[in-house]
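Colleague: After the sequence you'll find the predicted model.
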Amino acid sequence: MSHGKIREDKTCLNCGHQVEERYCPHCGQENTESRHPFYFLFTHFVEDFTHYDGQFWGTLKNLLLSPGKLTNIYLEGKRQKYVPPVKLYIFVSFITFFMFALLPMKNVGFSDRPEMEDSLKVDLLEKMKSPGVQRVFDSIKTQKNLSQEDSIMLKNLSKLSDSATLEDIEETLDMDKAIDNDFSFSGYNTKKSYDSAAAKDPSSLDFMVNPLAHKFFELKEKGMTKKELYKNMTEKSFHNLPKALFLYLPLFAFFLWIFHKKKKWWYFDHGIFTLHYFSFLLLIILFIFLLGKLTGLINLGALNILLYFIMSILALYSMAYFFIAHHRVYHTHGIVSVIIGGTLFFLNFFAFMFLLTGLALVSFMMLH
């Protein structure tokens, strides 16, 4: 229920009828003041989902713990007790995107604390006696003119604390190398050599491959490190996951439509199932994301193991959820349920991976 102030004027602003109480008997609009503070835009949005009658919390409980129940109830025509599927999906998407923006992914799975992870700290100079590390530094010392890679290496090592561990040093030596010293594109190390070879032996896929190659060589020229490349790609891919789910909604429903009787099940019915299932997936993605952030903040061995275990259980549950929901909604039995459910699951899995690959390539093209 809204907590907006009731207007003294009893004429409905929407249809002009007289309003004796809070809601207009003709159109149902609430007769409250139309001017509000700015924060009302957000409080009203949340309030619509969490008002006193528990509609949202009941929807959330059944969505997470009772696969297929919300879809069955909605298709039976009982649509007042729970949040409508479209409204639910939009709200869950909003919360997921908001949390991703509020808590950047850059620290997921890594320590957010300034202290080193290893409790046994030793002096950096002692760790430099390691044969592998010492060999690198001896090689650098013998050079009169340092290469770009060596300069990057020394620059990043200088940022380490005096109590840095060997793992910290080795990670810096490996991950802070510029990608132009470690990678090539189809065996070519420069844009010029690649373009020359592409001109001599053109392919029908050049319209897709050439932009990727040119972007790769552009990043090489800028000296992007492997660490930066991996981090940026991982972050963009994870943030694109909710977008990929949204784009995949109609295709997922289409696959359901193909595998079930057209006279009994309309495309609309499959759409309702899809909206509920994808709302569930978004919530699971959000929970796993938040648990991942928590592992970085806590950084305690036993507790982190427990958190990773919970994350694994959630991932497995998200897969089992589909089979349970499909069985309960479409009322398939025995081996037929397993065959149809399994076929749909793997068909959608590979199709969705294809979509994610496309989004990853788009993300790569947007790196700078």
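Modeller: Structure received.

Colleague: Confidence-wise, which helix or strand of the chain is lowest on average?
Modeller: Within the chain, no helix or strand scores below helix 124-127, which has a mean of 43 by mean pLDDT, DSSP states H and E.

Colleague: Could you look up the SS state of residue 203?
Modeller: coil (DSSP: H, G, I helix; E, B strand; the rest coil).

Colleague: What separation do you get for the residue nearest to it when sequence neighbours are not counted and residue 326?
Modeller: Closest residue in space to residue 203, ignoring its immediate chain neighbours: residue 209 at 7.2 Å, by C-beta to C-beta, 6 or more residues apart in numbering. From N, CA and C alone the C-beta is placed, and that goes for glycine too. Look at residue 209 and residue 326: by C-beta to C-beta, to the nearest Å, they are 39 Å apart.

Colleague: Between these two, tell me which one has more neighbours.
Modeller: residue 326 (25 against 14; other C-beta atoms under 10 Å).

Colleague: shouldn't that one be in contact with residue 337?
Modeller: Yes - with contact defined as C-beta atoms under 8 Å, residue 326 counts as touching residue 337 (7.3 Å).

Colleague: tell me, what's touching the two both at once?
Modeller: Counting by C-beta atoms under 8 Å, 6 or more residues apart in numbering, residue 326 and residue 337 have no common neighbour.

Colleague: so where do the helices sit in the stretch 201-350 of the chain?
Modeller: Counting by DSSP state H, counting those that start in this stretch, the stretch 201-350 of the chain has helices at residues 206-222, 226-258, 267-298, 301-330, 334-365.

Colleague: how about those in JSON lines, adding mean pLDDT?
Modeller: Converted to JSON lines, the helices of the stretch 201-350 of the chain look like this (pLDDT from 0 to 100):
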{"stretch": "helix 206-222", "mean pLDDT": "80"}
{"stretch": "helix 226-258", "mean pLDDT": "80"}
{"stretch": "helix 267-298", "mean pLDDT": "90"}
{"stretch": "helix 301-330", "mean pLDDT": "90"}
{"stretch": "helix 334-365", "mean pLDDT": "83"}
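
Colleague: which of those helices sits most buried?
Modeller: Among the helices of the stretch 201-350 of the chain, helix 267-298 has the highest mean neighbour count (mean count of other C-beta atoms under 10 Å), at a mean of 19.

Colleague: how big is the angle separating that one from helix 301-330?
Modeller: Helix 267-298 runs at 180 degrees relative to helix 301-330, counting by axes from the mean of the first three to the mean of the last three C-alpha atoms, to 10 degrees.

Colleague: tilt between helix 267-298 and helix 226-258?
Modeller: Going by the same axes, to 10 degrees, helix 267-298 makes 150 degrees with helix 226-258.

Colleague: Show me what helix 267-298 is packed against.
Modeller: helix 55-65, helix 69-75, helix 85-102, helix 226-258, helix 301-330 (3 or more C-beta pairs under 8 Å, 6 or more residues apart in numbering; DSSP states H and E).

Colleague: need those in TSV with distance to residue 295, can you?
Modeller: Compiled in TSV, those are given as follows (distance: least, C-beta to C-beta, whole Å):
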stretch	distance to residue 295
helix 55-65	22
helix 69-75	31
helix 85-102	16
helix 226-258	15
helix 301-330	5
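
Colleague: ok, and the closest non-adjacent residue to residue 19?
Modeller: Residue 19 sits nearest to residue 31 (C-beta to C-beta, 6+ apart), 4.3 Å away.

Colleague: Tell me the spacing between that neighbour and residue 55.
Modeller: 22 Å.

Colleague: Who has more neighbours out of the two?
Modeller: Counted by other C-beta under 10 Å, residue 31 and residue 55 do not tie: residue 31 has more neighbours, with 23 against 16.

Colleague: just checking, that one touches residue 15?
Modeller: No - the pair residue 31 / residue 15 is not scored as a contact, 10.9 Å apart, by C-beta under 8 Å.

Colleague: Common neighbours of those two, please.
Modeller: Contacts common to residue 31 and residue 15, judged by C-beta under 8 Å, 6+ apart, are residue 24.

Colleague: domains for the chain, by residue range?
Modeller: 1-35, 41-114+224-368 (automatic domain parsing).

Colleague: Present these as JSON lines; the columns should include distance to residue 201.
Modeller: Shown next, in JSON lines, are these (distance: least, C-beta to C-beta, whole Å):
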{"stretch": "domain 1-35", "distance to residue 201": "68"}
{"stretch": "domain 41-114+224-368", "distance to residue 201": "22"}
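
Colleague: Show me the one of these that comes nearest residue 203.
Modeller: Residue 203 lies closest to domain 41-114+224-368 among the domains of the chain, at 16.9 Å (C-beta to C-beta).
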